[in-house]
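Enquirer: next input, structure requested:
(one chain, ligands or ions: 3)
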Amino acid sequence: MNAATRRTKGDKKVLKKQQKASHTLLKHEGICTTSQPTKSLVVANGGLGNGVSREDLFSAVNQFGDVESLLMPPQKPYAFVTYRFEDGARKAHAQLNGKKLQSGENSVTLYLSYVDSVKHREEALVGFPEGLTLVEDFVSLEEEALLLAAVDWSMSNEAQKALKHRRVKHYGFEFRYDNNNVDKDKPLPAGLPDECLPVLQRCLQDGLTNVLPDQLTVNQYESGQGIPPHVDTHSAFEDTILSLSLGAKAVMEFRHPDGRAIPVVLPERSLLVMKGESRYLWTHGITPRKFDLVPACEPDVGSNSGLTLSKRGTRTSFTFRKIRYEPCCCAFPSACDSQEGTSPYPPSPPSLPCCHADATLLEEEYVHRVYDAIASHFSRTRHTPWPHVCHFLSSLPPGSVLVDVGCGNGKYLGVNPQLITVGCDRSSALVQICAERGFQVFVSDALSVPLRTASCDACISIAVIHHFSTLERRLAAVRELVRLLKPGGQALIYVWAYEQEYNKQKSKYLKDHDKQHNGEKSKDTPEESQESHEEPSVFTTSHVERDVKDTSEMTEGRLSVHTNRTAFNSQDLLVPWHLKGRKTHGEEESSGRFSSRGEPNPDFDSSMSSDTTHSPDSKPSPSDNMCQIPGGSSVPVFHRYYHVFQQGELEQLCTQVTGIKVQTSYHDQGNWCVVLQKE
Ligand SMILES: O=C(O)CCC(=O)C(=O)O
Ligand SMILES: [Fe+2]
Ligand SMILES: [Zn+2]
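Expert: Ligands and ions are numbered 1, 2, ... in the order given. Got it, this is the predicted structure:
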């Protein structure tokens, strides 16, 4: 075999891999590559998600010609480079394809393919929600000043409110945050300020709307303030919603019920137009923060490719809407208050998984997605650490390294300040809450925690392992905890118990149900009673009864939907979570999301995830649905998968792991618990 054929073979191999990379880019990212040389290349494996730094990639690609732009989408395993001339791209393609790039500790093999247009791709990657338009510089500086001056904040009346997290003023009609609607027969004495007219006329002229709005809400946000994610009530307003941003920019987060989240930067003087899906199905909200992450303009490569922090100033928005007089008949019944009751409930529950792939799908839909969606509400119900867990944490010697695998909102991370504590959770929304509380946390699956073997003195896994849907996966979770432990290290595991009545004592989870039925008002701290349940205070009796009716027995191998606060009648089930605090509109009374509890409430949607990623979409997502509550409103219901453990089952699981001994096991308020020690 001569050198020439060897080279050809090598080339063939690179070509094959490059084709495979192109195929993956198309399949997973919608990025279309072309064999025809262009000025732009997509660099597979050269992304921030591969651990490649911008500097290293830039120096690699810059050798072949003038780089016009280098786009590195966050967390993606690829990057885009555009050269000033096609020649640069050709050279880079010839020289870098199949070559290794060292970046820090990472070594990657790059595969390059031509793309027609990066700009186009960029838009495709971070496309706006359907129906959303942003018009930059819609008003001039003069108009901005005029509009801001038109709002007189000095008078306080019905139509003006200092809400806990922003102040608002209404014109035309008052939007009522108690019922999330407007009194259509009670127009306000003050119509829309005259200063708005030229702006609205321009909207009509430009075809941004075809009706003149008759309602205006002015929201003013100081730095650090925001608006919870919400959908503007369908029955209150017509389709088009126009929102002008004045005074300062902010990032508005859009969320689809399927979990997609799209941050949209609203520059000052821009107009946001929400129509169709973006108005009816996606929630919008502004996370209360003092800084936003926004795309940065990098002069060195002249592209909007990096991210930078932007300090928030005082933003005033003018939201113009048209009152709706007929019921809404939009194409999104699952999110529509005019069309409630049309979505099927309960959803068709899944079956128990029969293979690993099914198990991961089930957990993705019925555990991960749900926690991300309910993170904020969930976190509000998790503030009191359980005494026995605290006892375990306090018994560890000072300086011990502790990892909390499945740390939730981090309620155990600060319990013993003498420990070196890190937490991880599968839900990025919960991790975000922990991070904002100042804890060391990262997103990780409990089956493969990116920490060194034998690096921890102790591990805790509180209310996590019951979310794995096969015995193998529960076992793997215990093995992973044990792997992390140093010899002699201890792990504390809690799982939910099938037996909610133990030693003739009902768990608090059950007791709270009795209280409700006796008409007693339940405490709003349900987590003290058990790990999984909703805020009982949202239930009225009729609501509870509805749940009972809705409960399906395990039929045709399908998982049963559990009735909250009743005894379990199956070990594998779906437990409903009724999302409290969701309003179809963007404000809550003080008892809601903006907790008036005396305790710190850093979780006000600090999670990037909205806790109002509420309802199923038009093809109902199996894990959540809407549940009507009296008064015509509705709460979204999510279902979490659980495997509740029978007595002895947790110990039995642990004994299958070699190199450990079970030191103690006990029942604690409806949970089975063990302390393990690695030998
Ligand atoms: O501040 C904004 O742009 C949005 C306000 C809003 O969503 C509302 O009032 O419903
Ligand atoms: Fe809104
Ligand atoms: Zn509707």
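
Enquirer: so which helix or strand takes in residue 510?
Expert: Element membership for residue 510 (DSSP states H and E) is helix 508-517.

Enquirer: any idea of the pLDDT on residue 529?
Expert: At residue 529, the model reports a pLDDT of 33.

Enquirer: what about the residue of the chain found nearest ligand 2, neighbour count?
Expert: Using CB to the ion, the single residue of the chain nearest to ligand 2 is residue 232, 4.4 Å away. From N, CA and C alone the C-beta is placed, and that goes for glycine too. Residue 232: 20 surrounding residues under other CB atoms under 10 Å.

Enquirer: ok, now residue 473?
Expert: Residues near residue 473, counting by other CB under 10 Å, number 19.

Enquirer: for residue 24, same thing?
Expert: 15.

Enquirer: what of the one 5 residues further on?
Expert: A count of neighbours around residue 29, defined by other CB under 10 Å, yields 16.

Enquirer: and if you look at residue 206?
Expert: Per other CB under 10 Å, the neighbour tally for residue 206 reads 12.

Enquirer: that one and residue 238, how far apart?
Expert: 18 Å (CB to CB, to the nearest Å).

Enquirer: pLDDT on the helix or strand hosting residue 370, on average?
Expert: Per DSSP H and E, residue 370 falls inside helix 369-380. Averaging pLDDT along helix 369-380 yields 92.

Enquirer: name the SS class of the residue of the chain closest to ligand 2, please.
Expert: Here residue 232 is coil, with the state taken from DSSP: H, G, I helix; E, B strand; the rest coil.

Enquirer: need phi/psi at it.
Expert: phi -60, psi 130 (degrees, to the nearest 10).

Enquirer: would you mind measuring from it to residue 41?
Expert: 43 Å.

Enquirer: next one: residue 492
Expert: Distance, residue 492 to residue 41, by CB to CB: 51 Å.

Enquirer: alpha carbons of the following helix or strand past the helix holding residue 370, as PDB, please.
Expert: The helix or strand immediately downstream of helix 369-380 is helix 387-394, counting by DSSP H and E. Extracted as PDB, the C-alpha positions of helix 387-394 are listed here (Å, rounded to 0.1, in the frame of the first residue of the first chain):
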ATOM      1  CA  PRO A 387     -35.200  17.300  61.400                       C
ATOM      2  CA  HIS A 388     -33.800  13.800  60.900                       C
ATOM      3  CA  VAL A 389     -31.900  15.000  57.800                       C
ATOM      4  CA  CYS A 390     -30.600  18.000  59.700                       C
ATOM      5  CA  HIS A 391     -29.500  15.600  62.400                       C
ATOM      6  CA  PHE A 392     -27.500  13.600  59.900                       C
ATOM      7  CA  LEU A 393     -25.900  16.800  58.500                       C
ATOM      8  CA  SER A 394     -25.100  18.100  62.000                       C
END
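
Enquirer: the stretch 451-600 of the chain: helices as residue ranges?
Expert: 471-484, 508-517, 541-550 (DSSP state H, counting those that start in this stretch).

Enquirer: for the longest one, output the C-alpha coordinates as PDB.
Expert: Right, the one you point to is helix 471-484. Extracted in PDB, the C-alpha atoms of helix 471-484 (Å, rounded to 0.1, in the frame of the first residue of the first chain):
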ATOM      1  CA  LEU A 471     -35.400  -1.200  39.500                       C
ATOM      2  CA  GLU A 472     -32.200  -1.000  37.500                       C
ATOM      3  CA  ARG A 473     -32.200   2.700  37.500                       C
ATOM      4  CA  ARG A 474     -33.000   3.000  41.200                       C
ATOM      5  CA  LEU A 475     -30.100   0.600  41.800                       C
ATOM      6  CA  ALA A 476     -27.800   2.700  39.500                       C
ATOM      7  CA  ALA A 477     -28.700   5.800  41.500                       C
ATOM      8  CA  VAL A 478     -27.600   4.100  44.800                       C
ATOM      9  CA  ARG A 479     -24.400   2.900  43.100                       C
ATOM     10  CA  GLU A 480     -23.700   6.400  41.900                       C
ATOM     11  CA  LEU A 481     -24.000   7.800  45.400                       C
ATOM     12  CA  VAL A 482     -21.700   5.100  46.700                       C
ATOM     13  CA  ARG A 483     -19.200   5.700  44.000                       C
ATOM     14  CA  LEU A 484     -18.900   9.300  45.200                       C
END
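
Enquirer: report the rounded mean pLDDT for that helix.
Expert: Average pLDDT, helix 471-484: 97.

Enquirer: returning to what we had before: what's the helix holding residue 370 packed up against?
Expert: For helix 369-380, the packing partners by 3 or more CB pairs under 8 Å, 6 or more residues apart in numbering; DSSP states H and E come out as helix 428-436, strand 572-578, strand 633-643.

Enquirer: closest one to ligand 1 among the ones you listed?
Expert: Ligand 1 lies closest, by CB to the nearest ligand atom, to one member of the helices and strands packed on helix 369-380: strand 633-643, at 16.6 Å.

Enquirer: how much space separates residue 473 from residue 575?
Expert: 18 Å.

Enquirer: who in the stretch 301-450 of the chain is up against ligand 1?
Expert: With the criterion set to CB under 6 Å from any ligand atom, the stretch 301-450 of the chain comes near ligand 1 through 317, 319.

Enquirer: residue ranges of the strands in the stretch 301-450 of the chain, please?
Expert: 303-311, 315-321, 401-405, 420-425, 441-443 (DSSP state E, counting those that start in this stretch).

Enquirer: can you redo those as a markdown table with distance to ligand 2?
Expert: Shown next, in a markdown table, are these (distance: least, CB to the ion, whole Å):
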| stretch | distance to ligand 2 |
| --- | --- |
| strand 303-311 | 22 |
| strand 315-321 | 6 |
| strand 401-405 | 36 |
| strand 420-425 | 30 |
| strand 441-443 | 29 |
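
Enquirer: could the ones you listed be laid out in CSV, adding mean pLDDT and mean neighbour count?
Expert: Formatted as CSV, these follow (pLDDT from 0 to 100; neighbours: other CB atoms under 10 Å):
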stretch, mean pLDDT, mean neighbour count
strand 303-311, 68, 15
strand 315-321, 98, 24
strand 401-405, 98, 25
strand 420-425, 98, 22
strand 441-443, 97, 18
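
Enquirer: compare those strands and give me the one nearest residue 220.
Expert: Smallest distance to residue 220 across the strands of the stretch 301-450 of the chain (CB to CB): 4.7 Å, for strand 315-321.

Enquirer: the nearest residue to residue 570 once chain neighbours are set aside: neighbour count?
Expert: Sequence neighbours aside, residue 560 is the residue nearest to residue 570 in space, at 5.1 Å (criterion: CB to CB, 6 or more residues apart in numbering). Neighbour count of residue 560, defined by other CB under 10 Å: 18.
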